[in-house]
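Engineer: Need a 3D model of the following:
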Amino acid sequence: MTKQTLKHFAVSLALSALALGSSASLAQSGPASKLPARHPASAAQAASQNTQTPGASSYTYTLLSFPGSLYTYAVGINKGATTSKIEIVGSQSQGGFLVGVTEKKTVSEAYQAVNYPHAPEQVGASDINDLGEIVGSYIDSSGVYHGYERSSGKFTKVDVPFAGATGTLAVAINDSGEVVGSWTDSSAASHGFTLIGSTYASLDYPGAAQTTATDISSDGEIVGYYIDVSGVYHGYSLSGGTYTSVDPPGSVATFATGVNDDGEIVGAYCTTSECSSTSAGQQGFLMNGGVFTPIAVPGEVETGLSDINDNGAVIGYYQDAAGLVVSFIATP
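Structural biologist: Numbering: from 1, shown residues only. Prediction:
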């Protein structure tokens with residue numbers, strides 16, 4: 001079974017197409033099991049539940065389901081540094097979505113579709129900042145993948161200008177409007193990129209075979225994951241020009257997928273070769289100050305985290321024994 005990216009479980013097919021022909025591509029990387037083996041949860045299965053997560057504080061889980069969609073994948077959440085609003089974006093069967101979550105005596109959700117205008121195929125929305133600016137990706141009529149940014153209702157295309165680039169995915173945006181993502185070169189190798197103002201820059205973890213960038217905080221800390229020359233997956237952080245590997249103890253495959261403005265990093269990891277191949281037994285993690293805390297929904301086959309806000313709320317998914325994949329927001 002090939003592996004898919006966690007942070008962009010919603011855009012894993014796009015990543016696979018971007019690196020078609022490369023078995024080691026980041027387009028095929030990540031801790032989640034192969035997409036066709038999964039069965040999305042129906043709208044009727046979406047509800048709230050409270051549960052104690054082993055090794056972590058108690059979380060309240062709110063399950064997310066876009067109305068009428070066969071699946072819902074929550075991918076990005078605003079940091080909440082300048083607003084009390086909670087907004088989540090991701091992918092559903094007709095493209096991207098935005099949902100505002102209100103947490104009072106009862107949890108309420110207000111969904112809307114987010115799709116690049118007139119695109120033949122939507123990949124989905126992947127992140128949102130406190131200003132409501134959204135990034136995501138789509139596919140044009142020639143099968144080429146493009147990123148986009150939506151600001152004040154206006155869509156702007158995001159395409160890296162690098163020689164040999166065959167596709168671009170816009171993955172995350174911070175409150176300064178700085179964008180990070182992934183692009184694929186003509187040899188099907190994946191690289192990260194930043195877009196600051198109108199300036200693009202490619203990024204690669206030193207000595208890595210391939211690299212992707214998955215999130216960026218308000219102060220510019222970037223997280224993502226890379227494949228080393230032995231084919232092993234590692235998370236990383238890039239802060240102040242310094243790269244640092246992010247690997248929970250005992251991990252054989254790590255994927256850092258989200259970071260908040262306090263430097264807390266979330267993602268997923270495997271401790272066995274079976275998990276790295278099939279994702280069975282995969283756990284989410286929270287890293288704070290170099291200390292790793294595993295997060296796994298009790299009784300489920302696998303758990304993965306995709307993003308975290310400044311209040312410690314995390315979004316992600318779990319897969320149950322029947323193969324159903326369910327997205328959630330978990331608040332401490």
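
Engineer: contacts, neighbours, all on C-alpha from now
Structural biologist: Fine.

Engineer: next one: the helix or strand hosting residue 275 to chain centre, how far?
Structural biologist: For residue 275, the host element (DSSP states H and E) is helix 273-278. Computed by CA atoms, centre = their mean, to the nearest Å, the chain-centroid distance of helix 273-278 equals 20 Å.

Engineer: With stretch 110-117 instead?
Structural biologist: The answer for stretch 110-117 is 18 Å, by CA atoms, centre = their mean.

Engineer: List the buried residues for the helix or strand following the helix holding residue 275?
Structural biologist: With elements assigned by DSSP H and E, the helix or strand that comes after helix 273-278 is strand 283-288. Judged by neighbour count using 16 or more other CA atoms under 10 Å, the buried positions of strand 283-288 are 283, 284, 285, 286, 287.

Engineer: can you check stretch 251-268 too?
Structural biologist: 251-261, 263-268.

Engineer: repeat for stretch 113-127
Structural biologist: So stretch 113-127, judged by 16+ other CA under 10 Å, has buried residues 113, 114, 115, 116, 121, 122, 123, 124, 125, 126, 127.

Engineer: what's the helix or strand for the residue lying closest to the first one once chain neighbours are set aside?
Structural biologist: Counting by CA to CA, 6 or more residues apart in numbering, residue 113 lies nearest to residue 97, which is 4.3 Å off, once chain neighbours are set aside. For residue 97, the element it lies in under DSSP H and E is strand 95-103.

Engineer: Next up, the contacts around residue 258.
Structural biologist: 7, 214, 215, 216, 223, 224, 265, 266, 267, 306, 307, 308 (CA atoms under 8 Å, 6 or more residues apart in numbering).

Engineer: what about the last one, how many neighbours?
Structural biologist: Right, the one you point to is residue 308. 30 (other CA atoms under 10 Å).

Engineer: ditto for the second one
Structural biologist: If you count neighbours by other CA under 10 Å, residue 214 ends up with 33.

Engineer: Would you state the strands of the stretch 101-250 of the chain in chain order?
Structural biologist: Ranges of strands in the stretch 101-250 of the chain, per DSSP state E, counting those that start in this stretch, are 107-114, 121-128, 134-139, 145-151, 154-158, 167-173, 179-184, 190-196, 199-203, 210-216, 222-227, 233-239, 242-246.

Engineer: any residues touching the first one, and which ones?
Structural biologist: It refers to strand 107-114. Strand 107-114 has contacts (CA under 8 Å, 6+ apart) with 62, 66-67, 95-102, 124-125.

Engineer: Just the C-alphas of that strand, formatted as PDB.
Structural biologist: Written as PDB, here are the backbone C-alpha positions of strand 107-114 (Å, rounded to 0.1, in the frame of the first residue of the first chain):
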ATOM      1  CA  VAL A 107     -21.800  23.500  19.500                       C
ATOM      2  CA  SER A 108     -23.100  24.900  16.200                       C
ATOM      3  CA  GLU A 109     -21.500  24.700  12.700                       C
ATOM      4  CA  ALA A 110     -22.200  26.900   9.600                       C
ATOM      5  CA  TYR A 111     -20.800  25.400   6.400                       C
ATOM      6  CA  GLN A 112     -20.200  26.900   3.000                       C
ATOM      7  CA  ALA A 113     -18.500  25.700  -0.100                       C
ATOM      8  CA  VAL A 114     -15.100  27.200  -1.200                       C
END
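
Engineer: ok, it: who's next to it in the sheet?
Structural biologist: strand 95-103 (antiparallel) (DSSP bridges).
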